[in-house]
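>>> output the structure for:
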Amino acid sequence: MCLDNVFVTVFLFCFSLLPMAYLRYYPFRIIATLREQRILIAGHLIIFVVEFLLVTALFVSGHAPMQGSAFQKLYFVCYWPYFLLLMFTIRPFWFRHFFVLGIQGIYTVFLHTATILLLKQLWMQTTYFASLYFLTYIGLLLLSFPGMMWLLRGIFTREQLLKPQQMAAFWKYLGFVPLILTYYQGSMGYAKLIQQVEDLSGIHLYMLVSRFILVIIGISLIISVRSGFHQVRCMFHAKERSMKMQEHLREIHDYANTLQEEQQKLAILRHDSRHQLRVLAELIESGHYDEAERHLRALRKEVERR
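A predicted model of the protein is given here:
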């Protein structure tokens, strides 16, 4: 076993995990604090170094062969430290994290199938096949990465993440759907294809088609979620506008009632004033000046009291 080939292959294998780790973080970036970002950066570097050393030791010591089946198992194991670090750093969004993991898994399974199909057309030898496989995989990953970032960019809004309890029931049922689809397709295994590298008939068209259909389902899920959240957000905004309008109408109604009551009081006051003036005029005309003066003083006290 060539040690240089082992180091290069293991490095490419471990490096291929990093873009996917960032992809799982990307939808949650809008609420990540500076402290959480530092924890994630340091944690990812530590995990990368530890996994590189452990996987290298595993192959060099001969405990595992450098074959597709071994890398398939290692992929399943090595994903989890990155995922758990993210899930426990940016929380509590357990079901959302699993949803993104499932979408990323669909993307990964399709890329692995496309990589093996492409590489079998270009490289028929078994020498350095694993290194070229991961190099091709990383190339396809980086080429398609902007599209995945665009798809996941608006799947969560800041408002939804800051109020996780509002949609908790929804994500409880939807969160594991992409993951289940990924497990079903992934269990078919790209490793079997690597083992059959010398036989083009080993690459079955149905595998590529099934992967492609899985990608379409994943994209449809993302679009449906984004569209559904947009409609829900529009409904909430419409409800808020309706409630504000009702409150405004209630204030107008209360003001109209108050104004009507004041007008009634003013009408009574005008009526009383005309009556008092008429009585005062009659007293003056009849020559009862003292009584008119007493009436005027009483009227003055009444006005001051009011």
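>>> mark out where each domain of this protein begins and ends.
Domains of the chain are assigned by automatic domain parsing as 3-203, 248-305.
>>> just name the most buried of the ones you listed.
Highest mean neighbour count of the domains of the chain: domain 3-203, a mean of 17 (counted as mean count of other C-beta atoms under 10 Å). Bear in mind the C-beta positions are built from the backbone N, C-alpha and C, glycine included.
>>> what about residue 63, which SS state?
coil (DSSP: H, G, I helix; E, B strand; the rest coil).
>>> shaky segments in the stretch 1-150 of the chain?
Within the stretch 1-150 of the chain, the segments meeting pLDDT under 70 span 1-4, 68, 123-127.
>>> mind listing the helices for it?
Counting by DSSP state H, counting those that start in this stretch, the stretch 1-150 of the chain has helices at residues 3-15, 17-25, 34-60, 68-89, 94-122, 129-153.
>>> so what touches the first one?
Contacts to helix 3-15, defined as C-beta atoms under 8 Å, 6 or more residues apart in numbering, come from residues 48, 51-52, 55-56, 59-60, 66, 71, 74, 78, 128, 130-131, 134-135, 138.
>>> give me the angle between it and helix 129-153.
Angle, helix 3-15 to helix 129-153, by axes from the mean of the first three to the mean of the last three C-alpha atoms, to 10 degrees: 10 degrees.
>>> now helix 3-15 and helix 34-60, what's the angle there?
150 degrees.
>>> how about the fourth one?
With the same axes, to 10 degrees defining the directions, helix 68-89 sits at 160 degrees from helix 34-60.
>>> same thing with the shortest one?
Orientation note: helix 17-25 sits at an angle of 150 degrees relative to helix 34-60 (the same axes, to 10 degrees).
>>> quick one: list the elements packing against the helix or strand containing residue 224.
In the assignment (DSSP states H and E), residue 224 maps to helix 205-285. When contacts are defined as 3 or more C-beta pairs under 8 Å, 6 or more residues apart in numbering; DSSP states H and E, helix 205-285 sits against helix 94-122, helix 129-153, helix 177-186, helix 289-305.
>>> for stretch 210-230, give me every contacting residue.
Stretch 210-230 has contacts (C-beta under 8 Å, 6+ apart) with 102-103, 106-107, 109-110, 113-114, 151-152, 154-155, 157, 160, 174, 177-178, 181-182, 185, 188.
>>> what's the average pLDDT for it?
For stretch 210-230, mean pLDDT is 79.
>>> how about it: buried residues?
210, 211, 214, 215, 218, 219, 221, 222, 225, 226, 229 (16 or more other C-beta atoms under 10 Å).
>>> dump the residues you listed into a markdown table; add distance to residue 120 as well.
As requested, these are exported to a markdown table (distance: C-beta to C-beta, whole Å):
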| residue | distance to residue 120 |
| --- | --- |
| 210 | 18 |
| 211 | 15 |
| 214 | 21 |
| 215 | 20 |
| 218 | 25 |
| 219 | 26 |
| 221 | 30 |
| 222 | 30 |
| 225 | 35 |
| 226 | 36 |
| 229 | 41 |
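>>> which one of these is nearest residue 33?
Nearest to residue 33 among the buried residues of stretch 210-230 is residue 229, at 23.4 Å by C-beta to C-beta.
>>> related to what we said a few turns ago, out of the helices of the stretch 1-150 of the chain, which comes closest to residue 246?
Residue 246 sits nearest to helix 94-122 of all the helices of the stretch 1-150 of the chain, at 33.9 Å, using C-beta to C-beta.
>>> and the closest one, what other elements does it pack with?
Helix 94-122 packs on helix 17-25, helix 68-89, helix 129-153, helix 168-174, helix 177-186, helix 191-195, helix 205-285, going by 3+ C-beta pairs under 8 Å, 6+ apart.
>>> and the fourth one, how far from the chain's centre?
Mean-position distance between helix 168-174 and its chain equals 13 Å (C-alpha atoms, centre = their mean, to the nearest Å).
>>> what's it in contact with?
Identification of contacts with helix 168-174 by C-beta under 8 Å, 6+ apart yields 95, 96, 99, 221, 225.
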